[in-house]
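Colleague: Below is the structure, and that's it, no one-letter string:
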Ligand SMILES: Nc1ccn([C@@H]2O[C@H](COP(=O)(O)OP(=O)(O)OP(=O)(O)O)[C@@H](O)[C@H]2O)c(=O)n1
Ligand SMILES: C[C@](O)(CO)[C@H](O)COP(=O)(O)O
């Protein structure tokens, strides 16, 4: 069962203040690290990067051996994912959706997630929440305790049978619902996703301090 990767990389890096996908970690752009991890994963047959043309040029010095394509992104992350899904074909039985801004993902973790998606139809990397959680008010004061039992933070890749994710996304786009990940999209159809424990940090590069963190973690 072939698995295509759809790497979404069309965001505007508002919280970073500069193009975070072009930021260099050990001399290579964030986006190049991300794509390289998918090129190295055994179960990935091809990679589609959803981004503007100038950002795709961040990859021009790389020598990838698997097919690499580009499509334009959309207004929100979910529209960028939908644009990537639209170019998949019959060979792409599974699809792995991944944030371009998660460059530390390991090929072994991608392959573990693919195995689980083959078995269960839907799988994602994730980690159990380790901090105490509070619901805050608008002024930034803690107001309510939150029971963290069974609470997990979703990462990417999030991997699905392509037919399932396409059907689920069609409903979301038609209803114009805003979602923050694909697990939520299939959940809206009543389908649950197998959580695969991420045993190595796989942070989403979001604010400037994340660059130093990712550089330190990437040894
Ligand atoms: N319209 C969008 C918005 C986001 N993304 C991608 O989705 C991933 C997760 O988004 P996030 O980390 O929030 O990136 P940005 O949207 O760029 O960040 P910000 O919200 O700070 O602008 C990123 O790889 C980003 O490029 C995308 O492809 N298309
Ligand atoms: C998909 C995601 O990375 C899972 O944690 C996250 O939901 C993306 O959120 P963002 O607001 O688009 O960064």
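Modeller: Good, I have the coordinates. Note that this is a predicted model, so its numbers are computed, not measured. Ligands and ions are numbered 1, 2, ... in the order given.

Colleague: For the protein, give the strand that spans the most residues.
Modeller: Criterion DSSP state E: the longest strand present in the chain is strand 152-161.

Colleague: so how far is it from its chain's centroid?
Modeller: Distance, stretch centre to chain centre, for strand 152-161: 7 Å (Cα atoms, centre = their mean, to the nearest Å).

Colleague: Each with direction, which strands does it pair with?
Modeller: strand 94-99 (antiparallel), strand 122-128 (antiparallel) (DSSP bridges).

Colleague: quick one: residue 192 and residue 122 touch, right?
Modeller: Yes - look at residue 192 against residue 122 with Cβ atoms under 8 Å: they come within range, at 7.2 Å. C-beta here means a position set from N, CA and C on the backbone, and glycine is covered the same way.

Colleague: Can you work out which residues contact both of the two?
Modeller: Contact with both residue 192 and residue 122 is made by residues residue 186, according to Cβ atoms under 8 Å, 6 or more residues apart in numbering.

Colleague: and among the strands paired with strand 152-161, the most buried is which?
Modeller: Sort the strands paired with strand 152-161 by mean neighbour count, taking mean count of other Cβ atoms under 10 Å, and strand 94-99 sits at the top with a mean of 26.

Colleague: mean confidence for it?
Modeller: Strand 94-99 carries an average pLDDT of 98.

Colleague: And ligand 2, is that strand touching that?
Modeller: Yes - applying Cβ under 6 Å from any ligand atom, one finds strand 94-99 in contact with ligand 2 at residue 99.

Colleague: ditto for stretch 197-215
Modeller: Yes - residues of stretch 197-215 are located near ligand 2 by Cβ under 6 Å from any ligand atom, namely residue 204.

Colleague: Next, the distance between the ends of that stretch.
Modeller: Start to finish, the residues bounding stretch 197-215 are 22 Å apart (Cα to Cα, to the nearest Å).

Colleague: Next, the buried residues of it.
Modeller: Buried positions in stretch 197-215, judged by neighbour count with 16 or more other Cβ atoms under 10 Å: 198, 202, 204-205, 210-211, 214.

Colleague: Return the distance of it from the chain's centre.
Modeller: On Cα atoms, centre = their mean, the centre of stretch 197-215 falls 13 Å from that of its chain.
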